[in-house]
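> any chance you can model this:
(one chain, ligands or ions: 1)
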Amino acid sequence: MQKHQMLIDGEWVAAQKGEYFESFNPFTGEPWALIPRAGAADVELAVAAARNAFKNPAWRGISASARGALLRRLGDLVARDAEKLGILETRDNGKLISEMGAQTRYMPQWYYYFGGLADKMEGRVIPIDKAGCFNFTLEEPLGVVAAITPWNSPLMLATWKLAPALAAGNTVVWKPSEHSSVSALEFGKLFAEAGFPPGVVNILTGFGNEVGTPLIAHNDVAKVAFTGGDRTGQAVYEQAARGIKKVTLELGGKSANIVFGDANLDNAVKGVVSGIFAATGQTCIAGSRALVERSVHDEFVRRLVDFARTAKMGDPLDPGTQVGPITTKPQYAKVLEYIQIAKDEGAKCALGGTAASRPECGSGWFVEPTIFTGVDPKMRIAQEEVFGPVLSVIPFDGEEQAVAIANDTQYGLAAGLWTENMGRAIRMSQTLEAGTVWINTYRATSYMSPFGGYKRSGIGRESGLSAMREYLQEKSVWIDTSGNVPNPFVMR
Ligand code: NAD
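Purely as a prediction, here's the structure:
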């Protein structure tokens with residue numbers, strides 16, 4: 001079994017207590033790597049390193065253009081190592097190499113884009129209303145950013161934080177998920193190679209309560225950038241609030257993929273399948289509710305089931321595999337529990353509904369692609385995030401009812417619309433409570449376009465120009481130009 005070290009102040013180290021935990025390969029169900037189990041003492045060291053690096057002229061004193069150049073160099077190194085990093089992700093989290101490899105190959109674009117933005121975040125001169133005063137603004141970094149990430153798209157979701165945080169001149173302590181540390185540690189080797197000074201990026205491996213909690217509580221952490229489940233996000237938000245820290249939260253979803261009778265049904269079937277089965281449902285943007293207009297409901301379900309039935313399951317490292325295992329054993333149990341809940345609630349199982357015992361699934365934690373019909377929008381299976389290959393199909397009549405059902409959850413991450421009526425598509429894009437709306441497509445994301453949630457799906461935006469603002473603070477600077485300080489007892 002490989003034994004790993006974590007990154008503090010440019011050094012590869014064990015945890016202070018010398019403890020390790022096992023990381024499992026979800027396809028074999030076997031442990032394959034030993035990861036340092038960090039704790040509060042390691043948090044102290046990593047935050048001190050990040051704090052010192054933030055003040056160090058080697059980082060603070062270089063120009064924004066030089067920071068941009070470092071980010072672009074990092075992008076080139078990620079491009080060079082994309083295949084290796086993708087394979088490590090798949091070993092660790094069991095998601096398909098076709099998906100993880102596509103993500104690691106696309107990741108350099110974030111470093112190029114935010115590297116380009118680094119020297120373009122200009123302040124403003126305000127045409128101030130006070131005579132004898134000149135007023136301008138500065139865009140300044142926040143300080144030490146705590147980045148806490150989940151296991152489902154480990155390096156991509158870290159990149160969404162690291163690229164703008166570093167472009168803005170912050171330093172970072174990153175805690176990857178305990179289920180996907182290996183790719184994070186391999187990726188961590190690239191910072192020194194790209195030329196980042198020691199301590200600018202630190203990586204602490206371990207568990208949420210042992211690393212995440214002291215990290216968020218630390219006085220020298222200025223901002224928490226978190227992606228994960230909404231309950232964890234709530235705890236992170238509450239704790240960050242005690243220190244009045246800035247936060248961005250990217251949380252879960254129960255996104256609706258809405259199919260109208262006038263849609264190109266072949267495309268809509270592909271879109272619904274891509275939304276729920278392509279990533280084994282283990283994506284925050286899973287289109288886990290298919291809302292289907294009653295006039296085409298039966299025909300659509302028939303085509304959907306026929307298509308989903310052909311999905312090839314098996315080794316996620318095989319590029320031909322379409323549905324992989326569930327990443328962790330507890331999550332596997334949770335998905336099966338939700339399937340039982342749906343059955344108990346009276347939903348009708350049109351496909352799957354069991355653990356997968358196909359020979360090609362080996363000893364991995366696989367669940368059959370599952371489709372429930374006859375789902376009432378109030379059922380738990382239609383309201384709660386399952387994070388597995390389980391789709392709820394809900395019929396509707398007309399646009400108004402589609403919007404009402406789509407918006408009737410506590411989440412608001414994304415929505416898909418399948419219709420040839422562009423007037424309706426644009427109307428609905430304005431009424432759907434979701435941070436992203438896809439029309440006749442699904443699961444498209446880009447470094448250029450803001451991503452984030454409405455309602456319980458999160459706070460703040462990642463990617464695009466908006467993301468830079470999440471890592472900067474604006475300072476207002478006043479200068480007297482009159483040479484004559486007026487009456488000190490009257491506010492100017
Ligand atoms: P999780 O919430 O269990 O864990 C996320 C991270 O938080 C991990 O690194 C974990 O160790 C850490 N953590 C756990 N408890 C903590 C605490 N008390 N304080 C600080 N950190 C703590 O999520 P997960 O199971 O790894 O990921 C799946 C969830 O992430 C799903 O709900 C999914 O929807 C969500 N997600 C959201 C997005 C998005 O961008 N909106 C993207 C991917 C995943």
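> the stretch 201-350 of the chain against the ligand: which residues are in contact?
207-209, 212-213, 216, 227-229, 232, 235-236, 250-253, 284 (C-beta under 6 Å from any ligand atom). Quick note: C-beta positions are derived from backbone N, CA and C, even for glycine.
> now a PyMOL select for only the buried ones of the residues you listed.
Command for PyMOL that selects the buried part of these, burial taken from 16 or more other C-beta atoms under 10 Å:
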select buried, resi 208+212+213+216+227+228+232+235+236+250+251+252+253+284
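> out of the residues of the stretch 201-350 of the chain next to the ligand, which are inside helices?
Judged by DSSP state H, those include Thr213, Ile216, Thr232, Ala235, Val236 as members of helices.
> how close does Lys189 get to Val43?
According to C-beta to C-beta, to the nearest Å, Lys189 stands 22 Å off from Val43.
> neighbour count: the two, which is higher?
Neighbours per residue, other C-beta atoms under 10 Å: of Lys189 and Val43, the larger number sits with Val43, 28 against 13.
> that one belongs to a helix?
Yes: under the criterion used here (DSSP: H, G, I helix; E, B strand; the rest coil), Val43 sits inside a helix.
> buried set for stretch 402-413?
Ala402, Val403, Ile405, Ala406, Asn407, Thr409, Tyr411, Gly412, Leu413.
> just those: which are in helices?
Counted as lying in helices by DSSP H, out of these, are Ala402, Val403, Ile405, Ala406, Asn407.
> from the residues you listed, which single one is nearest Leu74?
Distance to Leu74 across those (C-beta to C-beta) is lowest for Ala406, with 39.1 Å.
> state the distance from the closest one to the ligand.
17 Å (C-beta to the nearest ligand atom, to the nearest Å).
> likewise Gln430?
Separation of Gln430 from the ligand (C-beta to the nearest ligand atom): 22 Å.
> for Lys223, which residues make a bridge with it?
Beta-bridge pairing for Lys223 (DSSP bridges): Val145, Lys246.
> between the ones in helices among the residues of the stretch 201-350 of the chain next to the ligand, which is closest to the ligand?
Thr232 (3.1 Å; C-beta to the nearest ligand atom).
> next one, pLDDT for the nearest residue to Glu193 once chain neighbours are set aside please.
Leaving aside its sequence neighbours, Glu193 sits nearest to Leu77 (C-beta to C-beta, 6 or more residues apart in numbering; 5.8 Å). pLDDT for Leu77: 98.
> and for Met1?
With respect to pLDDT, Met1 scores 85.
> count of neighbours near Tyr106?
Tyr106 has 17 nearby residues by other C-beta under 10 Å.
> give me phi/psi at it?
phi -80, psi -20 (degrees, to the nearest 10).
> number of nearby residues for Leu432?
Residues near Leu432, counting by other C-beta under 10 Å: 23.
> repeat that for Gly75.
23.
> chain neighbours aside, what residue packs nearest to the residue in the stretch 1-150 of the chain positioned nearest to the ligand?
Of all residues in the stretch 1-150 of the chain, the one sitting closest to the ligand is Pro150 (3.1 Å; C-beta to the nearest ligand atom). Once flanking residues are discounted, Pro150 sits nearest to Gly228: 4.7 Å by C-beta to C-beta, 6+ apart.
> and that neighbour, what does it touch?
The neighbours of Gly228, taking C-beta atoms under 8 Å, 6 or more residues apart in numbering as the test, are Ile148, Thr149, Pro150, Ser177, Val236, Glu250, Leu251.
> OK, contacts around the fifth one?
Listed by C-beta under 8 Å, 6+ apart, the contact set of Val236 reads Ile148, Gly212, Ile216, Val224, Phe226, Gly228, Val247, Leu249.
> quick one: residues contacting the second one.
Read that as Gly212. By C-beta under 8 Å, 6+ apart, the residues touching Gly212 are Ile148, Lys175, Val236.
> now with 7 Å?
Neighbour list for Gly212: Ile148, Lys175 [criterion: C-beta atoms under 7 Å, 6 or more residues apart in numbering].
> repeat for the first one
The contact partners of Ile148, by C-beta under 7 Å, 6+ apart, come to Lys175, Gly212, Val224, Phe226, Gly228, Val236.
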